[in-house]
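> Task: produce atomic coordinates for the following.
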Amino acid sequence: MPSLDGRRKTKRRGGFVSKTEAQTALGTVLEYERTGIVTDDKQTVAAYLTDWLRDKSLALKPTTAALYRDYVTKDLIPGLGTVRLDALNHHHVMMFIGDQLDRGRGKTTLRRCVATLSSALTDAVRQRRLPHNPARYAVVPRPPKYEPACWSPIEAARFLRYCHNQDDPLADLFEVVIGTGLRKGEALALHWDDISLTDHVAFIRYTLTNVNNTKPVLTAPKTKSSRAWIGLSDRVVAALRNQLIRQPGREFVFSRRDGKPLRPEYVLHHFHQLAATAGLPKTRVHDLRHFAATTMLNSNVPLAVISRAMRHSNLATTTDVYGHLLRHVAHDAADVIANALDTADAARRVEGDHTAIT
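You can find the predicted model right below:
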């Protein structure tokens, strides 16, 4: 086999039960050498994933790295770790998936776990350590699609009135989230330095997330397009001015008494308590973002404008998430076609009448 010093080294392996099996193994090694694949037939999936996770974590957000670490150490290594990397195949992956489903593993979590494995194996292919990705075509049952339980404008206004009547300390936070469509973490990471109340704008520079649901950290927003300026309505500006009076001299717009940002799980639990006490349907804080988008859609705001306001990566994302709500767009499109045909018919009749007269 080739080596860094230019000298070919002999690779010896034994333990084969027959000459045919040994010749098959030799053929595989020679084929790998011919196609430029460098493999270690002693490396296990566990050893590879451990090395991959160490290197991959350098380029990941802390929260993503923590999720990958859980999937690798708690699921993938216990389930597939003893298999040699170069022997791993589609059947192994499907057996792992079946075993996880039999144990009652959630479909969403399982899909993310297998996606982590596929990402690791794709890197192995790119590094010429595997000829193909055994997890690429693995079939994982899709979980039921989540349908946001959006409040109506009447319900949202009722919730905000209740918060203000109770003089709740998070009333202004919910005004900002509902009035801008910000993600929860983006609202909690707002700094006063990134807001201009005079110009009615704010720059979304960070998002606040929890690593392992315990350690809050500031990271970049969800996507590149999420890091952008947003407009602020008079109502939102009024809420921010009120918050500035409530908590003056703070770095974060919304913070605890010690100046540190609010914990996301506290905001979620407090929101659920307020909604229940106000007699409103249960929903998620993130669904307030969906409320903002659907309210704009129902007011016939152009989809491109909504996409920009929600800071989606592209227009397709907005269509995928909210396309089922675009009934008025379908009607408008059909009406445009009908109006064009009616106009053409009317013009033809006028032309015919003119010809008859002459």
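> List the contacts of the residue nearest to residue 122 when sequence neighbours are not counted.
Of all residues not flanking residue 122 in the chain, residue 133 sits nearest, at 5.3 Å (C-beta to C-beta, 6 or more residues apart in numbering). The C-beta positions use only the backbone N, C-alpha and C, and glycine is treated the same way. Going by C-beta atoms under 8 Å, 6 or more residues apart in numbering, residue 133 touches 118, 121, 122, 124, 125.
> Can you tell me the SS state at residue 133?
coil (DSSP: H, G, I helix; E, B strand; the rest coil).
> can you offset everything so residue one is 692?
That works, and once the first residue is 692, the last one we named lands at residue 824.
> Please tell me how far it sits from residue 996.
40 Å (C-beta to C-beta, to the nearest Å).
> which regions of the chain sit below the pLDDT cut-off?
For the chain, applying pLDDT under 70 flags the ranges 692-708, 716-730, 839, 904, 1014-1024, 1041-1049.
> which stretches of it form strands?
Remark: strands assigned in the chain by DSSP state E are 886-887, 892-894, 898-902, 906-910, 920-922.
> I'd like to know which of the contacts of residue 824 are buried.
809, 812, 815 (16 or more other C-beta atoms under 10 Å).
> Give the full set of residues in contact with the nearest residue to residue 995 once chain neighbours are set aside.
Distances taken as C-beta to C-beta, 6+ apart place residue 1006 nearest to residue 995, at 6.2 Å, with adjacent residues excluded. Neighbouring residues of residue 1006 by C-beta under 8 Å, 6+ apart: 994, 995, 998.
> Out of those, flag the one nearest to residue 947.
For those, the closest approach to residue 947 (C-beta to C-beta) belongs to residue 998, at 34.3 Å.
> Just name the most buried of the strands of the chain.
strand 898-902 (a mean of 20; mean count of other C-beta atoms under 10 Å).
> so how far is that one off the chain centroid?
14 Å (C-alpha atoms, centre = their mean, to the nearest Å).
> pretty sure residue 803 contacts residue 758?
Yes. With contact defined as C-beta atoms under 8 Å, residue 803 reaches residue 758; the gap is 7.3 Å.
> Please identify which of the two sits among more neighbours.
residue 758 (18 against 15; other C-beta atoms under 10 Å).
> For residue 879, see how far away the more buried one is.
Residue 758 is 20 Å from residue 879, by C-beta to C-beta.
> Check residue 896 too.
Distance of residue 896 to residue 879, computed by C-beta to C-beta: 13 Å.
> quick one: which of those two has more around it?
residue 879 (26 against 16).
> residue contacts, the more buried one?
Counting by C-beta under 8 Å, 6+ apart, residue 879 has contacts 864, 899, 943, 945, 952, 953, 955, 958.
> Taking the residues you listed, please make a ChimeraX selection of just the buried ones.
To isolate the buried members of these in ChimeraX, using 16+ other C-beta under 10 Å:
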select :864,899,943,945,952,953,955,958
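> Take the contacts of residue 879 and lay them out in JSON lines including distance to residue 972.
JSON lines is the format used below for the contacts of residue 879 (distance: C-beta to C-beta, whole Å):
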{"residue": "864", "distance to residue 972": "20"}
{"residue": "899", "distance to residue 972": "26"}
{"residue": "943", "distance to residue 972": "30"}
{"residue": "945", "distance to residue 972": "25"}
{"residue": "952", "distance to residue 972": "28"}
{"residue": "953", "distance to residue 972": "24"}
{"residue": "955", "distance to residue 972": "22"}
{"residue": "958", "distance to residue 972": "19"}
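> Let's see which of the contacts of residue 879 end up in helices.
Those of the contacts of residue 879 mapping onto helices are 864, 955, 958, per DSSP state H.
> Quick check: the first one touching residue 877?
No. In this structure, residue 864 is not within contact of residue 877 by C-beta under 8 Å, at 11.6 Å.
> Tell me, how many residues neighbour residue 796?
14.
> so how far is residue 786 from it?
Distance, residue 796 to residue 786, by C-beta to C-beta: 14 Å.
> Please list all residues in contact with residue 1009.
Per C-beta under 8 Å, 6+ apart, neighbours of residue 1009: 984, 994, 997, 998, 1001, 1003.
> one step back: out of the buried ones among the contacts of residue 824, who's nearest residue 773?
Distances from residue 773 to the buried ones among the contacts of residue 824, taken by C-beta to C-beta, are shortest for residue 812, at 16.4 Å.
> what sits against that closest one?
Contacts of residue 812 (C-beta under 8 Å, 6+ apart): 779, 821, 824, 825, 826, 827.
> let's see 6 Å
824, 826 (C-beta atoms under 6 Å, 6 or more residues apart in numbering).
> do residue 740 as well
Here residue 740 is in contact with 763, 767, 811 (C-beta under 6 Å, 6+ apart).
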